[in-house]
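Asks: Generate a structure from the sequence data that follows.
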Amino acid sequence: GGKNYRRGKNDTSKMDKRELIFKDEGQEYAQVTKVLGNGRMEVQCVDDVKRLAHIRGSMRKKVWINLGDYVLISLREYQDGKCDIILKYTDEEVANLRQAGQLPERVAPVDVQQEEDDLVDFEVDIDAI
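Replies: Alright, predicted model coming up:
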């Protein structure tokens, strides 16, 4: 019993190297450019199209996807502007994909700066208080 029992063991056997997965028909490589919340992301695809991506259910709360990460997306036949994230690549796998000629050197510059519209400016006059 106790706290450490409930927390579980640090099992590193899951972190073994997995086989590198290449894209199939109806799939594309992409880079996350904006995290929108609620399991949605804006991604810049290799084919120079920005799409709204949705994290698939089996990845939610298990695989954390951040800004700038490379992912494999599944395209939707009926909606070109939307897609589903089906796999997140590690940095080592991204390097292997570039070596294999699957990924260009740079998909898109990730803009981590906030736009002026997103910033909120609070002006407080201390003397008036």
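Asks: Which residue ranges of the protein form helices?
Replies: Counting by DSSP state H, the chain has helices at residues 3-7, 91-99.
Asks: Pull out the buried residues from stretch 53-63.
Replies: Using 16 or more other CB atoms under 10 Å as the burial criterion, the residues of stretch 53-63 that qualify are A53, H54, I55, M59. Every residue, glycine included, has its C-beta placed from N, CA and C.
Asks: Could you list everything the first one pairs with in the sheet?
Replies: Looking back up the chat, that one is A53. M41, C83 (DSSP bridges).
Asks: so what's it up against?
Replies: A30, V32, R40, M41, E42, V43, V71, I73, K82, C83, D84, I85 (CB atoms under 8 Å, 6 or more residues apart in numbering).
Asks: Quick one: buried ones out of these?
Replies: A30, V32, M41, V43, V71, I73, C83, D84, I85.
Asks: how about TSV for the contacts of A53, with distance to E123 and pLDDT added?
Replies: Listed next are those as TSV, based on distance: CB to CB, whole Å; pLDDT from 0 to 100:
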residue	distance to E123	pLDDT
A30	40	94
V32	34	95
R40	33	94
M41	33	94
E42	31	95
V43	36	95
V71	40	95
I73	42	95
K82	39	94
C83	41	95
D84	43	95
I85	40	95
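Asks: need those in a markdown table with distance to D24, can you?
Replies: Converted to a markdown table, the contacts of A53 look like this (distance: CB to CB, whole Å):
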| residue | distance to D24 |
| --- | --- |
| A30 | 15 |
| V32 | 21 |
| R40 | 23 |
| M41 | 21 |
| E42 | 23 |
| V43 | 18 |
| V71 | 15 |
| I73 | 12 |
| K82 | 19 |
| C83 | 14 |
| D84 | 14 |
| I85 | 15 |
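Asks: Poorly predicted segments of this structure, please.
Replies: 1-2, 4-16, 106-122, 128-129 (pLDDT under 70).
Asks: now the residue nearest the centre of it: how far from I126?
Replies: The centre of the chain sits closest to I65, judged by CA atoms, centre = their mean, with a distance of 4.1 Å. I65 sits 42 Å away from I126, going by CB to CB, to the nearest Å.
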